[in-house]
Every structure is written in structure tokens, then in C-alpha cells.
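**Student:** Got a sequence here, can you build the structure:
(one chain, ligands or ions: 1)
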Amino acid sequence: MLPTMMFVIDTAGLVLRLFLLLPIYRIKVNFLDFVRYAKMMNITRQLRPSLAKALMPTAMRAMSADSKLVELTMNEKTGIATVTMNRPPVNSLNLELLQGLLKAFEGLEDDRKCRGMILTSSSPTVFSAGLDIMEMYKPKPDRVKEFWTTLQDVWLALYGSSFPTVAAINGHSPAGGCLLSLCCEYRIMCPNYSIGLNETKLGIVAPKWFMSSMLGAIPYREAELALTSGRMFSTDEALKIGLIDEVASDKADAIAKSEKFLSQFAKIHPIARKLTKLNLRHSALEWMQENKELDLNIFISFVGQPIVQKSLEKYLEGLKAKQAK
Ligand SMILES: CCCCC/C=C\C/C=C\CC/C=C/CC(=O)SCCNC(=O)CCNC(=O)[C@H](O)C(C)(C)COP(=O)(O)OP(=O)(O)OC[C@H]1O[C@@H](n2cnc3c(N)ncnc32)[C@H](O)[C@@H]1OP(=O)(O)O
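**Tutor:** I've put the predicted structure just below:
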């Protein structure tokens, strides 16, 4: 009896050890097994929405994303792409800007030469003013659906990108602007701007995935206080709390620092880095993938509420009044 039990325990232990070691063993064995492992973990391409074809052949490259709302350049030597939001005056994220960003991120995902991406803005003072409030105020049913679905896809593509990402935050970055930066692995911000998820100040609620993106950067307690009060942080405060990683003197410095951050990965095995990132982000990505429709329905019914429309109207009036002063 005892020898049989010992045999069963030993065998179970061996199977368990093999199972636990399998990924490590596979990683050591060969490259193809990396890919199989990634597929097994369901953390590669199937987590992303359908991929657009590669943007263009890789010459140095202003790789245009059709519209001028997003500029995409690629440094052939380093493989570092720069994606610049270009929707004056404040890069508010309307459907077309989101579509441009999605196309850029998906194109880079398919570009084998891409070793990293810097997200920045062409505005001298604003990274992004967040979601375009006009997309949510008195929305048209079909358009608002497409708007939200595209935002979800942008989040999936950026948060789940296989290449490393940095936000060079060269201006104010409220709400959706902050969200874009939180999807990146590293944030470098210029002085005297503001950043945060301020949704409650507009009388709206940051969706679960906005919050989980923030929780990837700062501790739960800090996030709870910031989210419930809709707090905006100055550059210095953001650095202190960990919402950003570095301060740069100006945009050029932010880009230089971003390149430096990305260059460290030249020494790291790209697949080991990618799988580590995607494993860390797996549960949030999987949640979104599985709950896209539910999230869309919640959003649609939420923005349809008269009280939410009233809040948005008041907030817009406040923005216009500020402009008039
Ligand atoms: C119960 C369960 C619920 C579950 C939840 C489910 C669903 C959740 C539902 C909804 C969630 C939706 C999430 C939204 C996130 C967002 O991103 S909302 C947008 C928040 N953005 C802001 O609050 C930023 C507002 N803007 C500013 O603070 C400033 O503009 C600025 C960015 C600091 C720049 O200041 P600056 O002085 O340079 O510029 P102006 O303020 O003069 O603006 C110029 C011009 O641009 C217009 N504008 C600014 N921001 C926006 C915007 N976000 N959308 C649209 N338009 C904007 C501004 O009105 C001026 O226009 P003009 O007067 O016509 O020139």
C-alpha cells in the first residue's frame, strides 16, 4: 500500500514539476516553441482585434496613417516608431483620431522591424484632452457605438502591444489622454502640466478598464482617492505618486529620454520581454476581450441617461466659458 502511495505521490510531483517547468524548458529549447507557448497562453494575436495590414513598406519613413490626425515615423536605424497625435487644438479623441491611432498601432504590430514606440502630441501644451465630449453629448446611435468600440480596440492594441511603449507626455493629459499614457509601459512628462482620470468631475464614471490601467501604475489606495475625487496631478505630484516615471525639460528631452528607455531592450530577448509583458497584462486584456459587448452596452445606456447628458452639457459650458474669459 505504502509503496503504491509513494509511487502515486512521486508521479504526481513529477508531472507537476514538469508542468511548471515546461514553459521555462520550452523557452530554452527553441524559438518556435516560444510562439507555441504564447499561443497556448492565449496572449498573442488573438487578444488583439483583427489586424490591419502593415501600413507601408519600410522606408524612412513618414508612415502616414491615411489621415493627418496621426503622424507615424520610423527610425530605420533603431526601429523606434513615433506616433504623434495631431488634432488641434487639444487632441480630443473623436472617432477619426481613434481610428488613426488604431491603424498606427496595428500597423506597428505587424512591422517586424518595430522595436518600440513613442506616443506623443504635436500640440505645444496638450498631450490629449481625453475623449471628445462631443462624441458623447447628444450622440448619434451608430456613431457612438463605433466610437466606443474603436476606443476599446485602441486600448487592446496599445495595452496589449507586443512592442515596448513610452508616452512622451508633452502637455496636459486628462481622462482619456491619461488612459492612453497608462497603456504605455513608461511615462515621461514635461513640467507644469496636469494628468489624471478626472471623470467624476464631469459627472461620469471611469470604466473598469480605465481604473485597472491606473492600478497598473499606482497603489490601490492612491488610485481610490484619485479616482473617486477625479483628481488631476501636476507633473511633480504625478512623479511623486508614480503616475509618471520621469520628468523631461521639454518635448525634445522627453523624446530623447524615451529613446533611452527603449534602447535598454536591445539587450533583452524580445520574445522573453513580450511574453513577460503580456503575461502581466493578461487578465485585464482577457477581461476586455470577453466583455467588449457588455462594456459597450453599459456605456451606451450610461451616456443615454438624462442626468449624464446634463452633466456633460454643464461641463462643456464650463469649458466654453473659460475660453470666453
Ligand atoms: C454605473 C456604472 C457605470 C460604468 C461606466 C460605464 C461607462 C462610462 C461612461 C462614460 C465614461 C466616458 C469616459 C470619458 C473619459 C474622457 O476622456 S472625458 C473627457 C475629459 N476631458 C477633460 O475633462 C478635459 C477638458 N479640457 C481641458 O481641461 C482643457 O481643454 C485642456 C485640455 C487642459 C486644454 O486647455 P486649453 O486652455 O489649452 O484649451 P481650452 O480649454 O481652451 O480648449 C480648447 C477648445 O477645445 C475644446 N475642448 C477641450 N477639451 C475637450 C474635450 N475633451 N472634448 C471636446 N472639446 C474639448 C474646448 O471646449 C475649446 O473649444 P472652443 O471653445 O470651441 O474653442
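
**Student:** what about S128, distance to A256?
**Tutor:** From S128 across to A256, the span is 21 Å (C-beta to C-beta, to the nearest Å). Backbone N, C-alpha and C define where each C-beta goes, glycine included.

**Student:** quick one: which of these two has more around it?
**Tutor:** Ranked by neighbour count (other C-beta atoms under 10 Å), S128 and A256 place S128 first, with 30 against 15.

**Student:** Show me the shaky parts of the stretch 201-325 of the chain.
**Tutor:** Along the stretch 201-325 of the chain, no part satisfies pLDDT under 70.

**Student:** Could you list the contact residues of it toward the ligand?
**Tutor:** With C-beta under 6 Å from any ligand atom as the criterion, the stretch 201-325 of the chain meets the ligand at residues 202, 204-205, 207, 298-299, 302-303, 319-320, 322-323.

**Student:** Between all of those residues, which two are separated the most?
**Tutor:** Largest separation among those by C-beta to C-beta: I298 and Q323, giving 31.9 Å.

**Student:** Sort out which of the residues of the stretch 201-325 of the chain next to the ligand are buried, if you could.
**Tutor:** Burial by neighbour count, judged by 16 or more other C-beta atoms under 10 Å, picks out 202, 204, 207, 299, 303 from those.

**Student:** Secondary structure for those residues - can I get that in a markdown table?
**Tutor:** A markdown table is the format used below for those (DSSP: H, G, I helix; E, B strand; the rest coil):
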| residue | secondary structure |
| --- | --- |
| L202 | helix |
| I204 | coil |
| P207 | coil |
| F299 | helix |
| V303 | helix |
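
**Student:** of the residues you listed, closest to L180?
**Tutor:** P207 (14.4 Å).

**Student:** tell me which element the closest residue to the closest one other than its chain neighbours is part of?
**Tutor:** In space, and not counting its chain neighbours, P207 is closest to D295: 6.4 Å by C-beta to C-beta, 6 or more residues apart in numbering. Counting by DSSP states H and E, the element that carries D295 is helix 282-303.

**Student:** who's in contact with the helix or strand that that helix is followed by?
**Tutor:** Using DSSP H and E, the next helix or strand after helix 282-303 towards the C-terminus is helix 306-324. Around helix 306-324, the neighbours that count as contacts under C-beta atoms under 8 Å, 6 or more residues apart in numbering are 133, 136-138, 201-204, 302-303.

**Student:** Determine the angle, from 0 to 180 degrees, between helix 306-324 and helix 282-303.
**Tutor:** 90 degrees (axes from the mean of the first three to the mean of the last three C-alpha atoms, to 10 degrees).

**Student:** how far out from the middle of the chain is helix 306-324?
**Tutor:** 27 Å (C-alpha atoms, centre = their mean, to the nearest Å).

**Student:** hang on, the earlier thing: quick one: contacts for the residue nearest to P207?
**Tutor:** D295 neighbours (C-beta under 8 Å, 6+ apart): 148, 152, 207-209, 288.

**Student:** These, buried ones only, as a ChimeraX selection?
**Tutor:** The following ChimeraX line selects those of those that are buried, judged by 16+ other C-beta under 10 Å:
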select :148,152,207,209,288
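
**Student:** Farthest-apart pair in the contacts of D295, please.
**Tutor:** Most distant of the contacts of D295, by C-beta to C-beta, are W148 and K208, 13.7 Å apart.

**Student:** returning to what we had before: a markdown table for the buried ones among the residues of the stretch 201-325 of the chain next to the ligand, including distance to L102?
**Tutor:** Output for those, formatted as a markdown table (distance: C-beta to C-beta, whole Å):
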| residue | distance to L102 |
| --- | --- |
| L202 | 24 |
| I204 | 23 |
| P207 | 18 |
| F299 | 17 |
| V303 | 21 |
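
**Student:** show me what contacts the residue in the stretch 1-150 of the chain positioned nearest to the ligand?
**Tutor:** When scored by C-beta to the nearest ligand atom, the stretch 1-150 of the chain has G130 as its residue closest to the ligand, at 2.7 Å. By C-beta under 8 Å, 6+ apart, the contact list for G130 reads 92-93, 174-179.
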